[in-house]
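**Q** please work out how this folds:
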Amino acid sequence: MMKQLFALICSVFFFSNGAVVKASGTDTLAHALLWKVTGKNLQKPSYLFGTYHLMTNEFSKTVKGLNKAFKKSNIVVGEIVMNSELSSQLMPYMVLKNGTLDSLLGKERFDSLDKALKSRAGLSAMILNKLKPTAVYTIFVTTELKKSGLLESGNGSPMDVYFQDHAREKKKEVKGLETVEEQAAILFGTTSLERQCDLLMDYVRKGGAESHEQNKKMKECYTAQNLNCLSGMMSSSEFSDAETTDLLDKRNNAWVPQLEKWMPDNSLFVAVGALHLTGETGLITQLRKRGYTVEPVSTTR
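**A** Next comes the predicted model:
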């Protein structure tokens, strides 16, 4: 359950806040979520797959060539390794070290939050009072997404969770590009508490409609496998340039050397959020600049 929640937290944070990819100017990418990496010093091909955490592996079954690419790989790589220790690793980063949410927000804003949570999500702000504003925000948005029908339910697991669980079933090695602690620190510690409060209350005031509409459009972009659409939607961000650098650019820059270290003697199946594939610092562009051939396995148009 915690693995699924963490996958949703990642998605909500990046996709619902007017996420942070900067469009790469005139560069365009083929309509594809699955990409093959060859050339340079590679003995075997590796694969990049862009996930969308609000959808389950049921959608991934529709991506041509994905099952074959997964079978060929001997290592499955995710943003983090999701395991039974995830809960204990994650919670310290979601909880306020000092004080409470009501003391951060003040009575007027806390009362507004409580009213919105009760009417729109069936939750009380008081039971979330020890959590950081960003943690409350993600729980709020996730609950509303479920009610709106934008969050897939029923059969299947979040893609990132599914690929790692399936890898273990097939006795494949699972690696993470960063630790849970590193990712949690970014998600819950990159922005100041004051800034987190502002983002949370902005969502309360907007009523969620704008966020839901954005998620609906983004889901349409994703199911069409249109990375250019995703990148274009994300070019206008509520985050500052410094926050953008911490949330995406620095992470992509750190991931590429990791991939270069693992790829020469292995076939990797790399499943990371689709936004990490796009833009000037995206994995596709960075690997191409380093001399690799990165091409779509199949395209939708």
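**Q** just confirm residue 143 is within a helix.
**A** Yes: applying DSSP: H, G, I helix; E, B strand; the rest coil, one finds residue 143 inside a helix.
**Q** please tell me how far the closest residue to it other than its chain neighbours sits from residue 280.
**A** Leaving out its chain neighbours, the residue that sits closest to residue 143 by Cβ to Cβ, 6 or more residues apart in numbering is residue 121, at 4.1 Å. No exception for glycine: its C-beta is placed from N, CA and C like everyone else's. Using Cβ to Cβ, to the nearest Å, residue 121 is found at 37 Å from residue 280.
**Q** so which strand or helix has residue 272?
**A** Using DSSP states H and E, residue 272 sits within strand 268-273.
**Q** residue 192 - how many residues pack around it?
**A** For residue 192, the neighbour count with other Cβ atoms under 10 Å is 9.
**Q** hang on, residue 59 packs against residue 225?
**A** No: in this structure residue 59 lies outside contact range of residue 225 using Cβ atoms under 8 Å: 10.3 Å.
**Q** what about the helices in the stretch 51-200 of the chain?
**A** 57-60, 66-72, 86-94, 101-105, 107-121, 133-148, 159-169, 180-189, 193-206 (DSSP state H, counting those that start in this stretch).
**Q** flag every buried residue along the second one.
**A** Spelled out, that is helix 66-72. 66, 69-70 (16 or more other Cβ atoms under 10 Å).
**Q** closest to residue 232 among those?
**A** Sorting the buried residues of helix 66-72 by how near they are to residue 232, with Cβ to Cβ, puts residue 66 at the top with 24.4 Å.
**Q** so how far is residue 86 from that closest one?
**A** For residue 66, the distance to residue 86 equals 25 Å [Cβ to Cβ].
**Q** and what of residue 198?
**A** For residue 198 relative to residue 86 (Cβ to Cβ), the value is 29 Å.
**Q** try residue 37
**A** In terms of Cβ to Cβ, residue 37 sits 28 Å off from residue 86.
**Q** give me the more crowded residue out of those two.
**A** residue 37 (24 against 19).
**Q** where in the stretch 201-301 of the chain is pLDDT low?
**A** Regions of the stretch 201-301 of the chain meeting the criterion pLDDT under 70 cover residues 208, 234-241, 244, 301.
**Q** where do the helices sit along it?
**A** For the stretch 201-301 of the chain, the helices defined by DSSP H, counting those that start in this stretch cover 209-223, 227-234, 241-244, 250-262, 283-289.
**Q** any idea which of those is most buried?
**A** With neighbours taken as mean count of other Cβ atoms under 10 Å, the helices of the stretch 201-301 of the chain reach their highest mean count in helix 227-234, at a mean of 21.
**Q** and the angle for it with strand 268-273?
**A** Between helix 227-234 and strand 268-273, the angle comes out at 30 degrees (axes from the mean of the first three to the mean of the last three Cα atoms, to 10 degrees).
**Q** chain center to helix 227-234, what's the gap?
**A** Taking Cα atoms, centre = their mean, to the nearest Å, one finds helix 227-234 lying 14 Å from the centre of the chain it belongs to.
**Q** list the helices and strands that helix packs on?
**A** Under the contact definition 3 or more Cβ pairs under 8 Å, 6 or more residues apart in numbering; DSSP states H and E, helix 227-234 sits against helix 209-223.
**Q** helices or strands next to the helix it packs on in the packing?
**A** Using 3+ Cβ pairs under 8 Å, 6+ apart, helix 209-223 sits against helix 2-15, helix 133-148, helix 227-234.
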